[in-house]
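K.L.:
Predicted coordinates and the sequence they were generated for:
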Amino acid sequence: MFLLIDTADLHDIARAMEAFPLAGVTTCPTIIVKEKRPFWDILRDIRSLIGEDRMLHAQVLGRTAEEIVKDAIALREKVSGKFYVKVPVSLEGFKAMPYLRKEGIAFTATTIHSASQAILAAEQGASFLAPYINHIEDANESGPGMVRQVVDYLNTRHLPAQILAASFRNVRQIMDVLSAGAHTVTLSPDLVWKLAAHPMTDVSVAKFRNAWDDFYGADKNVANLP
């Protein structure tokens with residue numbers, strides 16, 4: 001499944017799970033603090049809601065490599081199921097990655113803004129690479145172009161890392177990076193709904209319903225026809 005939702009709001013997660021093939025949930029410190037609840041309670045509630053088999057990504061906050069590793073160990077110990085520690089691609093983050101790999105802690109390299117950062121993280125053993133597409137394009141660079149570069153490198157080197165593209169402004173950006181080879185995307189709740197919506201679909205459904213109602217009656221569906 002290619003779709004994750006980028007939120008810690010349980011209501012939004014539940015709505016998305018009802019309608020779409022949701023592979024999991026990503027969070028970040030900015031999203032977490034919006035909930036104004038204890039950190040561990042938020043992660044436990046998300047895990048309880050989505051089950052053990054869907055992915056959950058949560059970020060370290062340590063400033064040094066040593067602190068990042070300690071945060072990652074704490075997260076892995078307290079969060080069950082299919083869990084990935086998000087590690088920024090700062091210098092200290094890169095320094096921490098070999099230790100996480102040694103400890104068997106699966107991690108997602110986040111805050112990626114260049115192909116070179118993604119490639120370095122893939123070589124360090126990242127399971128997922130999270131480029132910030134909107135930020136990349138705001139810097140007048142091509143998000144899809146960067147994704148293609150990284151995908152080509154992963155294929156050439158036979159590396160198992162997958163691209164988990166993040167930070168989008170609109171549906172066009174999402175479709176462009178998926179067409180460029182991104183394996184997964186994580187979307188804010190509003191973009192999840194927009195991905196599935198089109199005004200002409202609503203028009204078509206309304207036409208079908210009106211024609212049906214005129215002949216069979218507004219109180220009838222297929223299941224309750226005589």
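P.N.:
Structure's in. What do you need? Numbering: from 1, shown residues only.
K.L.:
residue nearest the centroid of this protein?
P.N.:
Among the residues of the chain, the one closest to the centroid is T186, at 2.5 Å (CA atoms, centre = their mean).
K.L.:
Does that one touch D6 like I think?
P.N.:
Yes. T186 is in contact with D6 according to CB atoms under 8 Å; the separation is 4.5 Å. For every residue, glycine as well, the C-beta is placed using N, CA and C.
K.L.:
This structure: helices as residue ranges?
P.N.:
10-19, 29-34, 39-50, 65-78, 91-103, 115-123, 133-138, 143-157, 171-179, 189-196, 199-216 (DSSP state H).
K.L.:
would you list these in CSV and tack on mean pLDDT and mean neighbour count?
P.N.:
Formatted as CSV, those follow (pLDDT from 0 to 100; neighbours: other CB atoms under 10 Å):
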stretch, mean pLDDT, mean neighbour count
helix 10-19, 97, 15
helix 29-34, 97, 14
helix 39-50, 98, 17
helix 65-78, 98, 18
helix 91-103, 98, 17
helix 115-123, 98, 20
helix 133-138, 96, 18
helix 143-157, 98, 18
helix 171-179, 97, 17
helix 189-196, 95, 16
helix 199-216, 96, 10
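K.L.:
on that earlier part again, show me the common contact partners of T186 and D6, please.
P.N.:
By the contact definition CB atoms under 8 Å, 6 or more residues apart in numbering, T186 and D6 are jointly contacted by 26, 166.
K.L.:
Pull the contacting residues for the closest residue to L164 other than its chain neighbours.
P.N.:
The spatial neighbour of L164 that comes closest, neighbours along the chain excluded (CB to CB, 6 or more residues apart in numbering), is F128 at 4.1 Å. Contact analysis of F128 by CB under 8 Å, 6+ apart lists 57, 84, 108-109, 161-164, 184.
K.L.:
let's see 7 Å
P.N.:
Listed by CB atoms under 7 Å, 6 or more residues apart in numbering, the contact partners of F128 are 84, 108, 161-162, 164.
K.L.:
and of those residues, the nearest to D176?
P.N.:
Nearest to D176, judged by CB to CB, of the contacts of F128 is L164 at 15.7 Å.
K.L.:
wait, isn't A180 in contact with S142?
P.N.:
No. At 8.9 Å, A180 does not count as touching S142 under the criterion of CB atoms under 7 Å.
K.L.:
Between those two, tell me which one has more neighbours.
P.N.:
A180 (19 against 15; other CB atoms under 10 Å).
K.L.:
any idea how far the residue nearest to L164 is from T156?
P.N.:
19 Å (CB to CB, to the nearest Å).
K.L.:
what do you get for G93?
P.N.:
Distance, G93 to T156, using CB to CB: 24 Å.
K.L.:
so how far is D190 from the residue nearest to L164?
P.N.:
To D190, F128 is 23 Å away according to CB to CB.
K.L.:
now do R63
P.N.:
R63 is 32 Å from D190, by CB to CB.
K.L.:
just L225 next, same as before
P.N.:
Per CB to CB, L225 is found 38 Å from D190.
K.L.:
quick one: pLDDT of F2?
P.N.:
Looking at F2, its pLDDT is 89.
K.L.:
I figured it was touching A182, is that so?
P.N.:
No. Contact between F2 and A182 fails when scored by CB under 7 Å: they sit 8.2 Å apart.
K.L.:
more crowded one of these two?
P.N.:
Shown here are F2 and A182; by other CB under 10 Å, A182 has more neighbours (25 against 15).
K.L.:
F20 - nearest residue in space that isn't next to it in sequence?
P.N.:
Spatial nearest neighbour of F20, chain neighbours left out: L3 (6.0 Å); criterion: CB to CB, 6+ apart.
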